[in-house]
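> Sequence and predicted structure below; questions after.
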Amino acid sequence: MLKKILPFVALGAFAMGAAAQPTQRELKQLDDSATRELTEPTLYEFLLGEIALQRGDYALAAKTYLDLARRTRDARVARRAVEVANQGRLTDLALEAAKTWHDIEPESGAALQVLAALLVASKKVEEAQPYLEKLLATPGVNLEAGYLQLNRMLAANPDKAANLRVVRALAARNPQLAQSHFAIAQAALAANDERAALLAVRRAAELRPQWEAPALFEAQMLQKRSPADAAKRLGQFVEKNPESREARLNYARALVLDKRVPEARKQFETLLAGNPGNGEVVYAVGLLAFQLKDYPVAEDSMKRLLSSDYRDPDAARFLLGQIAEEQKQWPRAIEWYESIKDGEHAMPARMRTANALAKEGKLDAARDYLHRVSADNPDQEAQLTVAEAQLLRDANRHGEAFELLGGALGRSPDQPELLYDYALTAEKLDRFDLLEENLRKLIAVRPDHAHAYNALGYSFAERNLRLPEARKLIERALELSPEDSFIIDSLGWVQYREGDLKGAAATLKRAYDGRPDAEIGAHLGEVLWALGERAEANRVWQEALKTAPDNENLLKTIKRLRK
């Protein structure tokens with residue numbers, strides 16, 4: 001029976017290199033335990049755990065495995081206890097089992113990794129530090145990759161200042177490694193310590209001048225203050241490392257943002273000339289050109305791919321449809337989308353076709369089109385209903401969208417996409433009772449749905465009520481998705497409602513830096529305005545208006561505060 005125990009997948013992605021493979025000692029231990037005779041009481045207890053698991057009693061199953069592991073000193077059973085406790089979201093029990101596993105196999109990299117990850121997830125990052133130190137010191141560990149993945153493991157802990165302290169301590173053990181300083185830079189930026197981040201990333205670049213990651217990271221930071229400075233940094237790197245495609249792509253992006261389009265075009269031409277047969281490079285150039293609204297270059301790149309043997313021609317067709325949409329060439333966009341017959345791009349193309357029809361003023365035709373697609377794809381009914389509801393909302397027909405989603409929910413009452421969209425549509429109609437009811441149901445159905453917690457918390461904050469509950473909901477959303485700029489924005493809005501203007505400004509700046517969205521810009525500008533920083537508020541608003549001149553919330557905020 002014990003040989004059937006499933007392997008546990010570690011919670012954190014850590015580069016163990018050779019250490020991820022069992023050592024000779026570990027293999028001998030596994031062989032010894034595999035041949036260890038199963039006594040009747042041991043087998044009985046193991047079967048109890050399996051039966052409890054089959055019945056969904058994770059607590060009993062995990063405790064049974066844990067007790068068995070402690071008695072038999074079998075690492076596989078301890079690992080099974082961790083797996084089951086984790087499945088049942090029994091954090092304390094999972095930690096206890098992981099510590100037992102580590103006690104049985106103190107040199108096991110997998111046990112160290114899982115224990116450290118569980119401690120981080122439990123917001124015990126300082127307690128995780130010695131285990132991370134031991135993990136990095138394990139013979140055969142790929143130190144460079146380990147440091148690069150360190151912040152990914154620590155991301156589960158929302159205390160970014162604590163994460164920075166731990167990363168500094170771990171990096172101090174290997175100051176000669178560029179990757180250790182790069183890890184400090186990542187942690188410092190997450191903790192909003194830009195000065196420390198710049199110092200660390202520049203030290204990483206000094207230690208390894210040809211490594212493009214520090215140059216890209218520094219340019220990303222500089223971009224927030226000055227596109228010219230970002231372009232200068234990348235230009236210097238590209239001059240010394242002309243074969244770096246990623247750096248050259250980002251250099252072209254920085255040049256466009258600095259309004260130096262002719263120079264950016266030269267970088268596009270260099271990339272294409274140096275990689276004429278590389279479809280991935282051609283696609284990357286075209287995608288970047290599309291993002292920067294350089295539609296002639298984008299279109300030419302995609303058509304070049306279609307005349308070659310590019311591995312994913314439908315991706316090029318889909319982008320050509322988007323290029324046409326951006327230029328309001330609706331029939332042309334529909335033609336490109338309709339040329340995609342099947343595959344992963346087919347359903348998104350059908351929904352983009354409906355959107356293009358609606359933009360032409362043919363809303364009824366767009367809805368009929370979606371109904372036909374739904375009839376041919378009954379398994380996609382919920383997704384297509386949500387798309388149809390969005391068309392109705394775009395046309396300010398919120399009542400019809402509400403009825404449509406309500407009918408679909410009647411047929412599929414626990415469908416997460418429908419619950420979420422129905423709740424947000426209810427808010428448009430001031431049906432806050434239904435907003436809360438459906439978001440709470442969604443949380444019950446999908447307890448890991450970060451945006452359900454966020455939407456409910458933000459709704460309370462927007463209406464300036466139940467602020468303590470709003471904060472708890474949004475903090476839970478951040479635990480599930482710590483780098484989501486929209487959730488960070490919600491936290492900043494709660495802080496604003498609570499009267500913490502400086503804290504709100506810092507949080508909203510972090511959200512806006514992560515994603516310069518118009519809604520986030522509206523919030524950040526309002527807080528800056530309340531702080532008396534009128535010039536900076538106007539700068540943020542003007543910047544946001546350039547990307548979203550018709551954003552309703554942004555326009556209302558500016559009008560309300562400037563009157």
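Nice, I can see it.
> Would you quantify the distance from Ala511 to Leu478?
Ala511 sits 11 Å away from Leu478, going by Cβ to Cβ, to the nearest Å. The way it works is simple: take the backbone N, C-alpha and C, and place the C-beta from them, glycine included.
> which one of the two has more residues nearby?
Ala511 (26 against 20; other Cβ atoms under 10 Å).
> residues touching the more buried one, list them.
485-486, 488-489, 492, 520, 524 (Cβ atoms under 8 Å, 6 or more residues apart in numbering).
> Neighbour-wise, which one of those residues leads?
Ranking those using other Cβ under 10 Å puts Leu524 first, with 29 neighbours.
> quick one on the thing from earlier: can you work out which residues contact both of Ala511 and Leu478?
With Cβ under 8 Å, 6+ apart, Ala511 and Leu478 have common neighbours Ile488.
> now, among the contacts of Ala511, which is nearest to Gly410?
Nearest to Gly410 among those, counting by Cβ to Cβ, is Phe486 at 29.6 Å.
> Pretty sure the closest one sits against Ile520.
Yes. With contact taken as Cβ atoms under 8 Å, Phe486 and Ile520 are classed as touching, separated by 7.3 Å.
> Identify the farthest-apart pair in the contacts of Ala511.
Maximum distance among these (Cβ to Cβ): 12.9 Å, for Phe486 and Leu524.
> how about the strands in the stretch 301-450 of the chain?
Taking DSSP state E, counting those that start in this stretch, the stretch 301-450 of the chain contains no strands at all.
> For the chain, give me the ranges with low pLDDT.
Counting by pLDDT under 70, the chain shows low-confidence ranges at 1-44.
> now the strands for it?
Taking DSSP state E as the test, none of the chain falls into strands.
> Enumerate the positions of stretch 426-444 that are buried.
426-427, 431, 434-436, 438-439, 441-443 (16 or more other Cβ atoms under 10 Å).
> so which pair among these is furthest apart in space?
Maximum distance among these (Cβ to Cβ): 18.2 Å, for Arg431 and Ile443.
> tell me the contacts of Asp309?
Contacts of Asp309 (Cβ under 8 Å, 6+ apart): Gly279.
> Need phi/psi at it.
phi -100, psi 40 (degrees, to the nearest 10).
> so of the buried residues of stretch 426-444, which ones are in helices?
426-427, 434-436, 438-439, 441-443 (DSSP state H).
> Which residues are in contact with the closest residue to Tyr420 other than its chain neighbours?
Excluding the flanking residues, the one nearest Tyr420 by Cβ to Cβ, 6 or more residues apart in numbering is Leu442, at 5.8 Å. Leu442 makes contacts with 416, 419-420, 423, 449, 452, as judged by Cβ under 8 Å, 6+ apart.
> Contacts for stretch 279-294, please.
245, 249, 252-253, 256-257, 261, 264-265, 268, 271-272, 275, 295, 297-302, 304-305, 308-311, 315-316, 319, 322-323, 326.
> PyMOL command to pick out the buried ones of those?
Selection of the buried residues among the contacts of stretch 279-294 in PyMOL, burial being defined by 16+ other Cβ under 10 Å:
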select buried, resi 245+249+252+253+256+257+264+265+268+271+272+295+297+298+299+300+301+302+304+305+310+315+316+319+322+323
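> hang on, Ala349 packs against Gly321?
Yes. Counting by Cβ under 8 Å, Ala349 touches Gly321, with 6.8 Å between them.
> Show me which of those two is the more surrounded one.
More crowded of Ala349 and Gly321, by other Cβ under 10 Å: Gly321, with 27 against 23.
> and the more buried one, what does it touch?
333-334, 336-337, 349, 352, 356.
> In TSV, list the residues you listed along with distance to Ala284.
Converted to TSV, the contacts of Gly321 look like this (distance: Cβ to Cβ, whole Å):
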residue	distance to Ala284
Ala333	22
Ile334	26
Trp336	20
Tyr337	22
Ala349	21
Arg352	22
Ala356	26
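> By neighbour count, sort out the buried ones in the residues you listed.
So, by 16+ other Cβ under 10 Å, the buried ones in these are 333-334, 336-337, 349, 352, 356.
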